[in-house]
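*Asks:* The amino acid sequence is not available; the structure is as follows:
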């Protein structure tokens, strides 16, 4: 039997990616979509200003959009995906959790909460065990799981591979696509012939989330990784795909060839949306490039290249599709992990 799922905030940019990725999914059946009061009661076709590069699935187009409230979600829905703005999610998600729903959320609120799993299934699936603590402490029958920020998830799989050499410090400068700000987030007059050397809140997310993702679950909480992380985040006129320049220092010396071998050894997991090989490493120093490589592994694979030695360690570039691997696809993959591990 398929697992019946719903999308909270289904008309936005990430919500549309959810709908695209759920079409013909082998495990999930989309049963309900919600949005703001202004959209509730309309068909999805009427409510959504569709921006994804495929057509709206016919069955979804004629769905009636519900209000984003537990009372509007059918009782037989097993799992909810949240793409709500963080300010809305902070107020709304707890009501669904108290009502007993399991929520896999892309929203940024509560990612660093001590009892909320922040999860990349190929990197730290064991962090889902925080759900037991979360339920005990908050009295929820449901469960809340978060995926990391789109820029964080681009870098962390490569860091996880390098951690066998003992990560000590990381510096990263990002070149982030405009889709990461949402459809109306950056105007054409701001970004054409330009680059914006600041993205509010993004640097802090990379610096804190990375340490939680690579931390250890000790049975009561997450012991954050001890590495230092410094980030500089920049918006550039690329449509999709975050490219990042990473400088990593490790306790043990690692040659570029050894680092590349460690990254290539990073495998996917046995879940429908996980690529067979998590990281593709290019020998060509001109790759990865957003336009050419963001779609690798159906948008779920990380690309890396340009591995070189520095006086203190290594430098390299990495890339991921920010609205697939970095948002809807990451949350979808967490949902698959929740099902596989028996939480749903």
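*Replies:* On my side now, so go ahead. In this text, all values refer to a predicted model and were calculated from it rather than measured experimentally. Numbers count the residues shown, from 1 in each chain.
*Asks:* Can you report how many residues neighbour residue 295?
*Replies:* 15 (other Cβ atoms under 10 Å). Yep, even glycine has a C-beta here, placed from its N, CA and C like the rest.
*Asks:* give me phi/psi at the residue nearest to it when sequence neighbours are not counted?
*Replies:* Excluding the flanking residues, the one nearest residue 295 by Cβ to Cβ, 6 or more residues apart in numbering is residue 321, at 6.7 Å. As for residue 321, its main-chain torsions (degrees, to the nearest 10) stand at phi -70, psi 120.
*Asks:* Next: residue 106.
*Replies:* phi -90, psi -10.
*Asks:* Using the three-state scheme, assign the residue nearest to it when sequence neighbours are not counted.
*Replies:* In this structure, residue 106 finds its nearest non-sequential neighbour in residue 331, 4.5 Å apart by Cβ to Cβ, 6+ apart. Classification of residue 331 using DSSP: H, G, I helix; E, B strand; the rest coil returns helix.
*Asks:* Can you give me the distance of residue 331 to residue 253?
*Replies:* For residue 331, the distance to residue 253 equals 37 Å [Cβ to Cβ, to the nearest Å].
*Asks:* Between the two, which is the more surrounded one?
*Replies:* Neighbour comparison, residue 331 and residue 253: the larger count goes to residue 331, with 27 against 10 (by other Cβ under 10 Å).
*Asks:* residue contacts, that one?
*Replies:* 18, 81, 82, 83, 104, 105, 106, 147 (Cβ atoms under 8 Å, 6 or more residues apart in numbering).
*Asks:* cool, residue 23 as well?
*Replies:* 54, 57, 60.
*Asks:* For the residue nearest to residue 128 when sequence neighbours are not counted, give me the pLDDT.
*Replies:* Spatially, and ignoring its direct neighbours in sequence, residue 128 is nearest to residue 117 (5.1 Å; Cβ to Cβ, 6+ apart). Listed pLDDT for residue 117 reads 98.
*Asks:* One more: residue 312?
*Replies:* Taking residue 312 on its own, its pLDDT is 88.
*Asks:* Repeat that for residue 8.
*Replies:* Looking at residue 8, the pLDDT reads 98.
*Asks:* The closest residue in space to it that isn't next to it in sequence: neighbour count?
*Replies:* Excluding its sequence neighbours, the residue lying closest to residue 8 (Cβ to Cβ, 6+ apart) is residue 82, at 4.4 Å. The tally of other residues near residue 82 (other Cβ under 10 Å) stands at 29.
*Asks:* cool, the one 4 residues further on as well?
*Replies:* Other residues within reach of residue 86 by the criterion other Cβ under 10 Å amount to 15.
*Asks:* ok, so what distance separates the nearest residue to residue 70 once chain neighbours are set aside from residue 39?
*Replies:* Nearest residue to residue 70 in three dimensions, chain neighbours excluded: residue 99, at 4.0 Å (Cβ to Cβ, 6+ apart). Distance, residue 99 to residue 39, by Cβ to Cβ: 21 Å.
*Asks:* Looking at these two, which is more packed in?
*Replies:* Comparing residue 99 with residue 39 by other Cβ under 10 Å, the one with more neighbours is residue 39, at 21 against 15.
*Asks:* what about the more buried one, which helix or strand?
*Replies:* For residue 39, there is no host helix or strand (DSSP states H and E).
*Asks:* residues in contact with it?
*Replies:* 11, 47, 48, 65.
*Asks:* and the gap between the third one and residue 15?
*Replies:* From residue 48 across to residue 15, the span is 8 Å (Cβ to Cβ).
*Asks:* what do those two both touch?
*Replies:* Here residue 48 and residue 15 have residue 35 as joint contacts, going by Cβ under 8 Å, 6+ apart.
*Asks:* Neighbour count: these two, which is higher?
*Replies:* Under the criterion of other Cβ under 10 Å, the comparison of residue 48 against residue 15 puts residue 15 first, with 26 against 23.
*Asks:* name the element the more buried one belongs to?
*Replies:* Per DSSP H and E: helix 13-22 holds residue 15.
*Asks:* What lies in contact with that helix?
*Replies:* With Cβ under 8 Å, 6+ apart as the criterion, helix 13-22 contacts 5, 7, 9-10, 28, 30, 33, 35, 48, 50-52, 54, 56-57, 60, 81, 83, 106, 179, 182-183, 273, 323-324, 327-329, 331-332.
*Asks:* Could you give me the PyMOL selection string for whichever of those are buried?
*Replies:* This is the PyMOL syntax for the buried subset of the contacts of helix 13-22, where burial follows 16 or more other Cβ atoms under 10 Å:
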select buried, resi 5+7+9+10+28+30+33+35+48+50+52+56+57+60+81+83+106+179+273+323+324+327+328+329+331+332
